[in-house]
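Colleague: Compute the structure for the input listed below.
(chains A, B, C and D)
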There are 2 protein chains.
Amino acid sequence: MTERQQAVLDAVLALMVEGDPLTMTAVARRASCSKETLYKWFGDRDGLLTATVRWQASKVRAGNFDRQQLDARALRESLARFAANWLGVIASPTSIALNRIAISHAGSKESNLGSIVLANGRLAIGERVKPMLEAGREAGILAFDDTETAFRTFIGLVGRDVQIRLLLGDHRAVAPGEIEADAMRATDQFFTLYGTGKSQPAREDEAPSGTGRSRPARKTHQRVL
Amino acid sequence: MTERQQAVLDAVLALMVEGDPLTMTAVARRASCSKETLYKWFGDRDGLLTATVRWQASKVRAGNFDRQQLDARALRESLARFAANWLGVIASPTSIALNRIAISHAGSKESNLGSIVLANGRLAIGERVKPMLEAGREAGILAFDDTETAFRTFIGLVGRDVQIRLLLGDHRAVAPGEIEADAMRATDQFFTLYGTGKSQPAREDEAPSGTGRSRPARKTHQRVL
DNA sequence: GGAGAACCGTAACGTACGGTACGGTTCTCC
DNA sequence: GGAGAACCGTACCGTACGTTACGGTTCTCC
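Modeller: Numbering: from 1, shown residues only, chains lettered A, B, ... in the order given. Got it, this is the predicted structure:
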């Protein structure tokens, strides 16, 4: 994968994001290359799309989380940071465009675009978060039987219906400045469900049912990500 | 909208579900009608798709929930039944195919397919569930400030990443027999987050952190939907 | 029973687009 | 400097599909 080829794939991503029709001619013109070169490098249109999806997936490999000192506060912060990061990714125009393409292809006949996005999206995320959850369980901070269930609950609390709404064109699904607040809300709710209660940070209200009432002071972002 | 026209739209749905290419010729052949009739009735291909989406939306109008006696048990059952019903809908081949089409169209230029699905899916669901939640709050069973936030938390707990995974072609996203158990798990978690604790059903374990541990006896479906 | 509308089946048209071919230019290597 | 590879731009080909047109059949209404 040369530099030039990566530039071509970035051109494909740009076209996807702009919503322009994704024809080979448009890609060639946008990337200032010939169609012959496209076919020589990527085989056919499907190969070009597959390479684009892989290329984008390889760019989202950032942000590993250290697990040295594992108290409840550190785990909370790690989870909240992960949640905010992930929300930012799925709300990005690139992710939306890419998922739209993959979903379209999953609809028609056999194309592994969907499984590629799935493997590099959901499953890769799980492989990064689950160790954090299990470390929290071993440290006595979290309590759950099935890691997969706990992980998917976390995913649900963080993402809710944001992704599907964005894919359907609802741009109000996530407010730009609310991502970090949403990440903290989801993390608080997750700890209410799965936390053991040991060494939880002090709360300013004493409601026994967790974080159901959104705390108004949350707007000030006491816990900076 | 005559009977014959509805039959045509059902043919479109059938083609969608089978994943066959959705050409006007294929629709005409499947519905045993002429292409000229298709254009006369629906204008163009987009009009046919729009009519199909509306037709399907009009068929999912089932299942209103009574709110006469509103104790915690009744609310729990209503929410769990709603959750199971909704999970069944979004996991159905028709819903998956329809959402794929709508998402594809939302990607390219202005087409309101996405907003139609959005209006008849997410938003319509909210209008049915939110009154239940608010009734529960007025009865002192639930506690929350923002109805929308509580509703979206419930949606997230129920759906998690099921829909996006199904759209991407992951058929293992939801196990056929697990829908009702999932609905109850989500409802339990929702009550842990937003319940006031008044008149909650007795629990067989005394873990203070809610339903984090999945209870093994749950497999027997004590609470039948 | 006949006129007209509605509709079916099929043929035909035009365009868009995936894929290929080719001349011209630049770069590499000897 | 020259041979060859790599690549750009463009023209070209074949097919798929949206859309229109038309002959033939059935149904409606008087």
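Colleague: C-alpha only now, for contacts and for neighbours.
Modeller: OK.
Colleague: In terms of pLDDT, where does residue A:66 sit?
Modeller: pLDDT, residue A:66: 62.
Colleague: ditto for residue A:207
Modeller: At residue A:207, the pLDDT value in this model is 41.
Colleague: just residue A:163 next, same as before
Modeller: Value for residue A:163, per-residue pLDDT: 97.
Colleague: The helix or strand it falls within - contacts with which helices or strands?
Modeller: Residue A:163 is located in helix A:162-167, with elements delineated by DSSP states H and E. The elements that helix A:162-167 packs onto, with contact taken as 3 or more CA pairs under 8 Å, 6 or more residues apart in numbering or on different chains; DSSP states H and E, are helix A:93-107, helix B:93-107, helix B:162-167.
Colleague: JSON lines please, covering these and showing mean neighbour count and distance to residue A:118.
Modeller: Output for the helices and strands packed on helix A:162-167, formatted as JSON lines (neighbours: other CA atoms under 10 Å in any protein chain shown; distance: least, CA to CA, whole Å):
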{"stretch": "helix A:93-107", "mean neighbour count": "24", "distance to residue A:118": "9"}
{"stretch": "helix B:93-107", "mean neighbour count": "24", "distance to residue A:118": "15"}
{"stretch": "helix B:162-167", "mean neighbour count": "23", "distance to residue A:118": "7"}
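Colleague: Output the below-cut-off pLDDT ranges for chain A.
Modeller: A:61-68, A:198-225 (pLDDT under 70).
Colleague: which residue is nearest the middle of it?
Modeller: The centroid of chain A falls nearest to residue A:86 when counting by CA atoms, centre = their mean (3.4 Å).
Colleague: what's the distance between that residue and residue A:172?
Modeller: Noted for residue A:86: a distance of 18 Å to residue A:172, by CA to CA, to the nearest Å.
Colleague: go on, residue A:115?
Modeller: Taken as CA to CA, the span from residue A:115 to residue A:172 is 28 Å.
Colleague: out of these two, which sits in the busier spot?
Modeller: residue A:115 (17 against 10; other CA atoms under 10 Å in any protein chain shown).
Colleague: Check whether the longest helix seen in chain A comes near chain B.
Modeller: Longest helix in chain A, counting residues (DSSP state H): helix A:72-90. No: for helix A:72-90, no contact with chain B is found by CA under 8 Å from any CA of the partner chain; the gap never falls below 11.5 Å.
Colleague: which ones are touching residue A:121?
Modeller: residue A:57 (CA atoms under 8 Å, 6 or more residues apart in numbering or on different chains).
Colleague: secondary structure class for it?
Modeller: helix (DSSP: H, G, I helix; E, B strand; the rest coil).
Colleague: on that earlier part again, where's the residue nearest to the centre of chain A relative to DNA strand C, distance?
Modeller: 31 Å (CA to the nearest atom of the strand, to the nearest Å).
Colleague: Which residues are in contact with residue A:88?
Modeller: residue A:179.
Colleague: what about the residue of chain A most remote from its centre, distance to DNA strand C?
Modeller: Going by CA atoms, centre = their mean, the residue of chain A most distant from its centre is residue A:36, 35.2 Å out. Distance, residue A:36 to DNA strand C, using CA to the nearest atom of the strand: 5 Å.
Colleague: In which helix or strand does that residue reside?
Modeller: helix A:35-42.
Colleague: what's next to that helix, contact-wise?
Modeller: A:5, A:24-25, A:28, A:44-45, A:48, A:51.
Colleague: ok, and does the helix or strand following that helix reach over to DNA strand C?
Modeller: Sequence order places helix A:45-59 as the next helix or strand after helix A:35-42, per DSSP H and E. Yes: Helix A:45-59 lies within reach of DNA strand C by CA under 7 Å from any atom of the strand, at A:45-46.
Colleague: buried sites along helix A:45-59?
Modeller: By 16 or more other CA atoms under 10 Å in any protein chain shown, the buried positions in helix A:45-59 come out as A:48-57.
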